[in-house]
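Participant: got a predicted structure here, sequence first:
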Amino acid sequence: MVAETPAEAPTKARPARSEKAEAYVVPLTARLMNNRNFLAIWFMLPAAAILLLFLAWPLILGIYLSMTDTTIGRRGVFIGLENFELLADDPVFWLSVYNTFLYTLVASILKFVLGLWLALIINEHLPFKAFIRAIVLLPWIVPTVLSAIAFWWIYDAQFSVISWSLQRMGLIDEYINFLGDPDNARASVIAANTWRGIPFVAITLLAGLQTIPQSLYEAATIDGASAWQRFRFVTFPMLTPIIAVVMTFSVLFTFTDFQLIYVLTRGGPLNATHLMATLGFQRAIPGGQLGEGAAIAVAMIPFLLAAILFSYFGLQRRRWQQGGKD
């Protein structure tokens, strides 16, 4: 019997690799680098680390301090909700809550109304429009402390330019005590905050106005809609998502305002302008009661969350914007 040569010998068929086996050949790192979700998470890690370091950690520390009797220079012990029980019986705290809500509500409404009115004016075809927009942004660009110092001079009991002008026009007999009277002080700080916040609302709403197609206005005009009807049924519905975002930030900024109040009045007179932020600072730093000050700051969290949830669910997710019903 003649032996088979190697060339004539039958070759054994190699087992075909399955698709799953082929997939394992590709290195894990290469597959991850081609995965969009992994890359998105990887690029977000630095920002997430910064947020955890500068936002989440202070929040956790503040909640912990609010449940202790920590003072400056002395490590406190855990006392549970005792600080919050003391605040519940503190009339100054409840006055600061009232001042905060009044300050936030009135200032936010004024900023929205005046900002929307200013945005509608700037949106028209005006000469020197770019220059006007730059002027409008000035109150927002100027640092808060400098704005507060300027208003402190404007409201000065002896050198107020407002009182001087009104007296020269014969409208008043004596200078107005802007920051010495409780009611005048509340109105004065609200006016200062409104002046500073209008540019942010106006410029943001102006950007929204410029995204509305002109064809909608042309169609409404052909149908015989008046200027008010065009605003009511075209402009306002199209601006609602932007209004939700703008008012959310406006409420948050106003509710947590500190610099303007502290420079102008430091909470006076008679605690009439104390907000929760300024009272918490006063109790924690000058007063030395870190636990009590932290408790006041923590008490602000539910109100801020409520404002955010109302803005998101009440304004931003309205079904009629997509053609449905509420």
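Facilitator: Everything's here; your move.
Participant: tally of neighbours for I172?
Facilitator: Per other Cβ atoms under 10 Å, the neighbour tally for I172 reads 14. Using the backbone N, CA and C atoms, a C-beta is placed for each residue, glycine as well.
Participant: i'd like the first residue to be 148 from this point on
Facilitator: Okay, residue one is now 148; in that scheme the one you just asked about reads as I319.
Participant: got the contact list for it?
Facilitator: The contact partners of I319, by Cβ atoms under 8 Å, 6 or more residues apart in numbering, come to 310, 313.
Participant: now stretch 268-276: mean pLDDT?
Facilitator: Predicted confidence along stretch 268-276 averages 81 (mean pLDDT).
Participant: show me how far that stretch is from its chain's centre.
Facilitator: 28 Å (Cα atoms, centre = their mean, to the nearest Å).
Participant: gap between the two ends of it?
Facilitator: Length of stretch 268-276, first residue to last, Cα to Cα, to the nearest Å: 10 Å.
Participant: buried ones in that stretch?
Facilitator: 269-270 (16 or more other Cβ atoms under 10 Å).
Participant: over to Q361: give its phi and psi.
Facilitator: phi -70, psi -20 (degrees, to the nearest 10).
Participant: C-alpha coordinates for stretch 367-381, CSV please?
Facilitator: Extracted in CSV, the C-alpha atoms of stretch 367-381 (Å, rounded to 0.1, in the frame of the first residue of the first chain):
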residue,chain,number,x,y,z
ALA,A,367,-51.7,86.6,11.9
THR,A,368,-51.7,90.0,10.3
ILE,A,369,-53.4,88.6,7.2
ASP,A,370,-56.0,87.1,9.5
GLY,A,371,-56.7,90.5,10.9
ALA,A,372,-55.0,90.0,14.3
SER,A,373,-54.3,93.2,16.3
ALA,A,374,-50.9,94.0,17.9
TRP,A,375,-52.2,92.6,21.2
GLN,A,376,-53.6,89.5,19.6
ARG,A,377,-50.2,88.8,17.9
PHE,A,378,-48.5,89.1,21.2
ARG,A,379,-51.1,87.0,23.0
PHE,A,380,-51.4,84.2,20.5
VAL,A,381,-48.0,84.2,18.8
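Participant: what does it rub up against?
Facilitator: 267, 359, 363-364.
Participant: so how far is G435 from M214?
Facilitator: 18 Å (Cβ to Cβ, to the nearest Å).
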